[in-house]
Every structure is written in C-alpha cells, then in structure tokens.
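# Give me a model of this one.
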Amino acid sequence: MMDWTTRDYRAFARTLTRRALLYTEMVTTGALIHGSPRERFLGYNEVEHPLALQLGGSDAGELAECAAMAEAWGYDEVNLNVGCPSDRVQNNMIGACLMGHPHTVAAAIKAMQAAVSIPVTVKCRIGIDNQDEDADLARFIATVADAGCEVFIVHARKAWLQGLSPKENRDVPPLNYPRVERLKQQHPELHIGINGGIKTLEACREHLTRVDSVMVGREAYQNPWLLAGVDEALYGEPGPASSRHAAARAFRPYIARRLAQGAKLNHVTRHLLGLFQGQPGGRRFRRHLSEHGHLDGACLRVFDDALSLVPEPTALSA
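Below is the predicted model of the structure:
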C-alpha cells in the first residue's frame, strides 16, 4: 500500500506482532535500478523481519536484478505485484494489467527464481475487466505455477482497469471468496492466500480453514490494534503488546531515533493515528498529533502530550 506500509509503519507493527509477515510498499524495478540512494527504497530496521519486498515490473531481466538486490539486502521474500490497478502502473505494464499476460509473469517468475534462493511469490486479483473469473484465473495460475511459483496471494475481487479509479477498485467490484477457496481445492499443492475486505481475527480464522494464509491490508493500517491479537489467536503465542499504551511507549525510542536522523514527527506518528480507534480519548490523540506533529521543531513532547490525552485503562480492560 503506497505511502502506508513504510518502514516507519512496519517498525510500529512490530510493537504489536512478532509473527505476521510484513510487506513493503510496492517498489518499481525502475526505482531500484535507477534510483539513488537505494537505501531510500530498500532500507529497513532489523526488527521488521519476517519481511517481504514487493516489486512492480514486467521485464524479466530487471525483475531478476531487483530480486537479487532484495536477497542481498536481507529480505525474507520477494513478491511480484500483479494486482495494483493504478493508471500509472498500467501504462508501464505493472500491476493488475499483467493478469492479461500470464506468460510474461511466468517468464518473470522463472528469471527471479533463478536469481535468488529466497521465496518468490505473486499477489494477484481474480481477474481484470471482462475476464472470466473461472477460466482466465485458472489459466493464469496454471501458467505461472508451471514456471515455478508456489505461493499466490489472491485479492478476491476483479480489478476494473477501464471505468473505475484505483480507490473504487478497492470497494466496488464484489468480493468472491468462494472463487479463491475453489482455487485452493483445485491446487492443493500450491500455497493459496486470500486478501480483500478482511477486518477481524475471527474472519481470518474462518478463512484459514479453507486457504493457507490471510493478508490483511487497510484494516491493519486503519485499526492497527488488530495486529496485537495475531500472535495469540493465530500462532498460539503471546504478543509483544499488553495494551495500546504499552505499544505506543514501546515505539517511543524508535520515534526518537528517527527524529535524530532528521525525520519530521508527523511523518512517523501518522502511522499511529488509528491506534486508539474507538477508545475514550482516541479522537483527541489523533487531533493533537495532526495539529502539532507537522510543526517545525515538533518533538517527542508532542507525542507524549497526545498520549496523555487518552485515559490508560486498567490491565483488565486494556
């Protein structure tokens, strides 16, 4: 999610869950090959592991080169985005439009796997535009799997590249979870993950009875406390955060380091605005950070003051 799953958000997510696999924003091959410094696109904090680099591109050679960079930088997985519906990426043969070119994706996967030893995975949709959600998706998965891909994370709705904006593509096309479930039934040998509109851990557990993994995107950003239950609910292990306040305090040293590196406070703390969603004082917390975090010289005191506006519950009600 562009501008959302930044390194700052991912570091914050680790105060909530140790086990969830985190994904970077989509990074294009052009940015990695021609951009400078590469730290801007590939840098991360060690606490973020396990961590996947998500790539956007279609040229097999360039994707292989970038996959090798990902491995050299220590990423645990490299993921090819075949689901983003943005006009900007369509014009460069990136994202969901590639679902209409399964052999191009297959060639890219084969080249990437030849270049690295870490897993190479695909995130896709169930189709685009007027494609048949059964026949065309089956053809796409079979073609790319034959090239060696074993892991597919499937957003369970089509992308309409003509007529809908990227924002509308996240909500307007209907979700079709049964199609992803049938995909798993048809390919028990593959790892099939599901994505799209999943908002609760209960829903995650339900999906996991029929598919191999669940990807949660916007809900994990807008309501990050959801992540605090992942380790216990899905892995049977205690999570790192005992309360929302504890998570905020655990993130405080990271904020201090980023400020010392020259980052603006609001660039880091904007990822915490949903932490107290639905809680007494949550609106005041968001307002204080929004109104004061962008000011020149905004420091940890602004963050501390915002946190003080939220009553800290007892351990039993946290």
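# show me where the protein has strands.
Ranges of strands in the chain, per DSSP state E, are 22-28, 51-56, 77-82, 120-125, 151-155, 191-195, 213-215.
# and of these, who's closest to H288?
strand 22-28 (27.0 Å; CB to CB). C-beta: built from backbone N, CA, C; applies to glycine.
# give me phi/psi at L175?
phi -70, psi 140 (degrees, to the nearest 10).
# would you turn the strands of the chain into CSV with mean neighbour count?
What follows is these, written out as CSV (neighbours: other CB atoms under 10 Å):
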stretch, mean neighbour count
strand 22-28, 22
strand 51-56, 24
strand 77-82, 25
strand 120-125, 25
strand 151-155, 24
strand 191-195, 22
strand 213-215, 18
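# mind showing which ranges of the stretch 151-300 of the chain have poor pLDDT?
The stretch 151-300 of the chain contains residues with pLDDT under 70 at 164, 166-167, 169-172.
# Please, where are all the helices along the stretch 1-150 of the chain?
Using DSSP state H, counting those that start in this stretch, the helices of the stretch 1-150 of the chain run over 7-13, 29-34, 39-42, 60-72, 87-90, 102-115, 135-146.
# Of the ones you listed, which shows the lowest average pLDDT?
For those, mean pLDDT drops lowest on helix 87-90, to a mean of 58.
# To G278, which of the helices of the stretch 1-150 of the chain lies closest?
helix 7-13 (18.4 Å).
# Only C-alpha atoms, please: export that closest one in PDB.
Presented in PDB, the C-alpha positions along helix 7-13 are these (Å, rounded to 0.1, in the frame of the first residue of the first chain):
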ATOM      1  CA  ARG A   7       9.500   1.400   7.200                       C
ATOM      2  CA  ASP A   8       8.000   3.500  10.000                       C
ATOM      3  CA  TYR A   9       4.700   1.700   9.900                       C
ATOM      4  CA  ARG A  10       6.400  -1.700   9.700                       C
ATOM      5  CA  ALA A  11       8.500  -0.900  12.700                       C
ATOM      6  CA  PHE A  12       5.400   0.200  14.600                       C
ATOM      7  CA  ALA A  13       3.700  -3.000  13.600                       C
END
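# Summarise which helices and strands that helix is packed against.
Applying 3 or more CB pairs under 8 Å, 6 or more residues apart in numbering; DSSP states H and E, one finds that helix 7-13 contacts strand 22-28, helix 244-260.
# how about the helices of the stretch 1-150 of the chain in a markdown table, adding mean neighbour count and distance to G274?
Listed next are those as a markdown table, based on neighbours: other CB atoms under 10 Å; distance: least, CB to CB, whole Å:
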| stretch | mean neighbour count | distance to G274 |
| --- | --- | --- |
| helix 7-13 | 21 | 11 |
| helix 29-34 | 17 | 28 |
| helix 39-42 | 15 | 25 |
| helix 60-72 | 20 | 29 |
| helix 87-90 | 16 | 26 |
| helix 102-115 | 20 | 34 |
| helix 135-146 | 18 | 33 |
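# closest to A263 out of those helices?
Across the helices of the stretch 1-150 of the chain, closest to A263 is helix 7-13 (CB to CB), at 7.8 Å.
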